[in-house]
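Participant: this is a predicted model, with the sequence first.
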Amino acid sequence: MTFKELDLLPEILRAVEEVGYESPTPIQQRAIPEAIKGKDVLGCAQTGTGKTAAFSIPILQLIHKTRVQKGKHPIRSLILTPTRELAAQIGDNIKAYNKYLPSEYAVIFGGVNQNPQVRRLKAGVDILVATPGRLLDLMDQGHISLKNIDFFVLDEADRMLDMGFIHDINRILPKLPEKKQTMFFSATMPPAIVKLTKKLLHNPVSISVDVVSSAATTVKQEAYHVLKPDKKKLLLHLLKNPEIDQALIFSRTKRGADRLSRILAKANISSGAIHGDKSQGQRERALKGFKDGKLRILVATDIAARGIDIDSLSYVFNYDIPNEPETYVHRIGRTGRAGTDGTSISFCDIDERPYVKSIEKLTGTKINFIPDHPFEITEEGIKAYKEMQESYAKQNEIQMQKRREAKKRRREQGNAGGGSKNGGKRRR
Ligand code: AMP
């Protein structure tokens, strides 16, 4: 099946083509046509199945068809998701699919200053992606009204409950209009979730896909305990193995990806990097070089790696362990596709050990830690690393103190010079 057969707006088709998707994933094939018809959807699906596009594309299409062009827009779609990372990822997806449409969207989550989010909301948004806590905060302050919601998505419902969001959800639901289209996604369906679906959904189409967890059982998963400063040495050591003809290396940050590229270049290992700060042209060149076999390594951030389609990849490296277990599963799902043998190799620092636990819990498989490697974590290593970190922290504090003092001096000099810049006179 192709995206063309899904009866999508030409603007959406063009955007999807640009992201590089070749055909809709199973959940997209089944959910998009039903959602476009206005049906409620119950999706039993994890991250990595393409569920974000499965709900965002129909919403963009339906909102566009009924959108009044002028004036400030009320919020017509609410997408509720448990974590800021997921909220940001959904925002990125919507941004990509909405590229040729005029709809406005906003992403709100806690832990950051609310003012830019409030300003964005004041300008009028059609689609709001939110985590429950910040949504309630801004609703309580009168910045958000949900009375015009036509489309409601509850994403990762089981995780919401695991994270203790049930009270928040119970406060949000009564604020939504009775008549609306609801799409509900959950990786598992425990009784509490089933109860919630009964309350929320009307005659839904049920779709169940299970692509992600199967990757975790077919891919050989290896890991190394290693301190952060030793990760690059371990990587270069492992890359001496000629069996690793090509590998995709994941880095959490764009800066990390650039740093890795420089390390590889110094070691004469051909590589390309794709991340958000690279232009479309640079990304395409890197991807082509890798696919053509001219580059041995492709370094990518999670977001940039979305939608890239490389079939016969045997090795994936996790230079750091992602804090979202689904991200790990999605990363390793890049290998072992189309019947090839896949191996994932993860580098785990002390701070990252809890992430391994949540990955193993999600996948139900054990990651195989390789003992006796040259960069094994030792007591002395930990001590030296801690000392180094403390010394960095001290240097940082000294610099900050100097900056604070300089700022104070400037302020005092300014005051001694007669107060405000215009000498206390009012400007007309
Ligand atoms: P999700 O399950 O929505 O988090 O999506 C998982 C990943 O699959 C994301 O990186 C998407 O960009 C990517 N993706 C979604 N739909 C497709 C598609 N039709 N073809 C290829 N990749 C896709």
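Facilitator: Sure thing, it's come through.
Participant: please, which helix or strand holds K198?
Facilitator: helix 191-200 (DSSP states H and E).
Participant: what does G272 give?
Facilitator: Using DSSP H and E, G272 falls within strand 271-274.
Participant: return the distance of that strand from the chain's centre.
Facilitator: With CA atoms, centre = their mean, to the nearest Å as the basis, strand 271-274 stands 20 Å off its chain's centre.
Participant: restricting to C-alpha, output the helix or strand following that strand in CSV.
Facilitator: The first helix or strand that comes after strand 271-274 along the chain, using DSSP H and E, is helix 280-291. The C-alpha trace of helix 280-291 is given here as CSV (Å, rounded to 0.1, in the frame of the first residue of the first chain):
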residue,chain,number,x,y,z
GLN,A,280,18.7,18.7,4.3
GLY,A,281,21.4,18.4,1.7
GLN,A,282,24.1,17.4,4.2
ARG,A,283,21.8,14.8,5.7
GLU,A,284,20.9,13.3,2.3
ARG,A,285,24.6,13.2,1.3
ALA,A,286,25.5,11.4,4.5
LEU,A,287,22.7,8.9,4.2
LYS,A,288,23.5,8.2,0.5
GLY,A,289,27.2,7.8,1.3
PHE,A,290,26.3,5.3,4.0
LYS,A,291,23.7,3.4,1.8
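Participant: which strands and helices sit next to helix 280-291?
Facilitator: strand 271-274, strand 297-300 (3 or more CB pairs under 8 Å, 6 or more residues apart in numbering; DSSP states H and E). C-betas here are computed from N, CA, C, even on glycine.
Participant: what about the first one and the ligand, touching?
Facilitator: The one in question is strand 271-274. No - legend: contact between strand 271-274 and the ligand by CB under 6 Å from any ligand atom is lacking; minimum distance shown is 12.6 Å.
Participant: partner strands of that strand and their direction?
Facilitator: Sheet pairing for strand 271-274, assigned by DSSP bridges, gives strand 297-300 (parallel).
Participant: give me phi/psi at the residue positioned nearest the centre of the chain?
Facilitator: Among the residues of the chain, Q89 comes closest to the average C-alpha position under CA atoms, centre = their mean, at 3.8 Å. For Q89, the backbone dihedrals (degrees, to the nearest 10) come out as phi -70, psi -40.
Participant: swap in F151?
Facilitator: phi -130, psi 130.
Participant: so which bits of the top helix by length along the chain are buried?
Facilitator: Longest helix in the chain by number of residues, with DSSP state H as the criterion: helix 379-416. By 16 or more other CB atoms under 10 Å, the buried positions in helix 379-416 come out as Y385.
Participant: next one: stretch 168-181
Facilitator: Neighbour-count burial for stretch 168-181 [16+ other CB under 10 Å]: D168, I169, I172, K180, Q181.
Participant: next up, the contacts around the second one.
Facilitator: The one in question is I169. By CB atoms under 8 Å, 6 or more residues apart in numbering, I169 lies in contact with L80, P132, L154, M160, L196.
Participant: ok, these vs I377, which is closest?
Facilitator: I377 has its nearest neighbour among the contacts of I169 in M160, at 35.7 Å by CB to CB.
Participant: in which helix or strand does that closest one reside?
Facilitator: Judged by DSSP H and E, M160 forms part of helix 157-162.
Participant: after that helix, which helix or strand is next?
Facilitator: helix 166-172.
Participant: I'd like the average pLDDT over that following helix.
Facilitator: Helix 166-172 shows a mean pLDDT of 95.
Participant: mean pLDDT and distance to L238 for the helices and strands packed on helix 280-291 - can I get that in CSV?
Facilitator: Shown next, in CSV, are the helices and strands packed on helix 280-291 (pLDDT from 0 to 100; distance: least, CB to CB, whole Å):
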stretch, mean pLDDT, distance to L238
strand 271-274, 92, 14
strand 297-300, 94, 12
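Participant: do you know which of the ones you listed lies nearest T49?
Facilitator: Of all those, strand 297-300 comes closest under CB to CB, at 19.8 Å.
Participant: mind saving the C-alpha coords of the closest one as PDB?
Facilitator: C-alpha atoms of strand 297-300 as PDB (Å, rounded to 0.1, in the frame of the first residue of the first chain):
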ATOM      1  CA  ILE A 297      29.700   4.700  10.000                       C
ATOM      2  CA  LEU A 298      26.600   6.900  10.200                       C
ATOM      3  CA  VAL A 299      26.200   8.900  13.400                       C
ATOM      4  CA  ALA A 300      22.600  10.000  14.200                       C
END
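Participant: which residues sit against the strand holding G272?
Facilitator: 257-258, 260-261, 264-265, 282-283, 285-287, 289-290, 295-301, 304-305, 308.
Participant: try stretch 192-201
Facilitator: Residues outside stretch 192-201 that contact it (CB under 8 Å, 6+ apart): 40, 42, 154, 157-158, 161, 166, 169, 173, 182, 184, 186, 189, 204.
Participant: I would like a PyMOL command selecting only the buried ones among those, please.
Facilitator: Of the contacts of stretch 192-201, the buried ones can be selected in PyMOL as follows, counting by 16+ other CB under 10 Å:
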select buried, resi 40+42+154+157+158+161+169+182+184+186+204
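Participant: and of the contacts of stretch 192-201, the nearest to the ligand?
Facilitator: Of all the contacts of stretch 192-201, the one with the least separation from the ligand (CB to the nearest ligand atom) is S186, at 13.0 Å.
Participant: ok, that closest one - contacts?
Facilitator: G43, C44, E156, A157, D158, I193.
Participant: mind listing what the third one touches?
Facilitator: It stands for E156. With the criterion set at CB under 8 Å, 6+ apart, E156 makes contact with T47, T81, P82, L86, F185, S186, A187.
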